[in-house]
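need coordinates for the following:
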Amino acid sequence: MAADDIHLVSHPLVQHKLSLMRDRERSTKGFRELLNEIGMLLCYEVTRDLPLEMVDIETPIAPMKAPQIAGKKLTLAPILRAGVGFLDGMLALIPSARVAHIGLYRDPNTLEAVEYYFKAPQDLSDRTVILMDPMLATGNSACAAASLLKARGARDIRFVCLLAAPEGIAQFRKLHGDIPIWTAAVDERLNDHGYIVPGLGDAGDRMFGTK
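Prediction:
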């Protein structure tokens, strides 16, 4: 994966909302709403270059050829739990998208990803798949999820996250160098517990109020 395959989304609205989410005093409700809003904004960026085709339609005034997205409907693939925070915002823009659910949790001792659920459409080979998780920390969950999607036949995968650590980017590049990354920020590093610094804490806990 070349540097060009890491897309830093610097839009002022994205950066402003990210700063609000970093605040430790942000409520669960506020955090969840902001994650949903940023998901919608990131969706604009990750779909910017989708192919279009010209189709025949009739307006109330006259027939014309108009552009529509070409190919099969997209598949959105959130990593459970926190990845579902992006889902509603993205579905608001792509309401006909298919959804794959990828259940992974991080073993607290090894920091390795452990699969507990995977359900995806059968025909991923002809679809653009948007893999999503708010945090690219160690990279283990994202790498495991990408491997599951590839095993199901996915060939066009794009990964979207809110925050990334250099260590996570390096791990993802090593194992899935063909998958581009969209992120709102690349933070300094990981701490000894595998959390992004300065980060925003555990996105799942903050979204669901479980800690």
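
contacts only, for the residue nearest to residue 121 when sequence neighbours are not counted.
What sits nearest to residue 121 in space, not counting adjacent residues and going by Cβ to Cβ, 6 or more residues apart in numbering, is residue 98, at 4.7 Å. C-betas here are computed from N, CA, C, even on glycine. Residues near residue 98 by Cβ atoms under 8 Å, 6 or more residues apart in numbering: 73-76, 121, 127.

which residues of this structure score low on pLDDT?
For the chain, the stretches flagged by pLDDT under 70 are 1-4.

do you have the strands of it handy? List them.
6-8, 52-58, 63-69, 75-80, 98-99, 101-106, 113-119, 128-132, 135-136, 156-164, 181-186, 189-190, 196-197 (DSSP state E).

list the contacts for the residue lying closest to residue 185 once chain neighbours are set aside?
Leaving aside its chain neighbours, residue 185 sits nearest to residue 163 (5.4 Å; criterion: Cβ to Cβ, 6+ apart). Neighbouring residues of residue 163 by Cβ under 8 Å, 6+ apart: 18, 134-136, 183-187, 196, 199-200.

can we see that at 7 Å?
Taking Cβ atoms under 7 Å, 6 or more residues apart in numbering, we find residue 163 in contact with 134-135, 183-185, 187, 196, 199-200.

burial of the residue nearest to residue 211 when sequence neighbours are not counted, as a residue count?
Counting by Cβ to Cβ, 6+ apart, residue 205 is the residue found nearest to residue 211 once chain neighbours are left out, at 3.7 Å. For residue 205, the neighbour count with other Cβ atoms under 10 Å is 14.

kindly report the same for residue 29.
Neighbours around residue 29, by other Cβ under 10 Å: 10.

one step back: state the distance from the residue nearest to residue 211 to residue 31.
For residue 205, the distance to residue 31 equals 10 Å [Cβ to Cβ, to the nearest Å].

cool, residue 55 as well?
Separation of residue 55 from residue 31 (Cβ to Cβ) stands at 41 Å.
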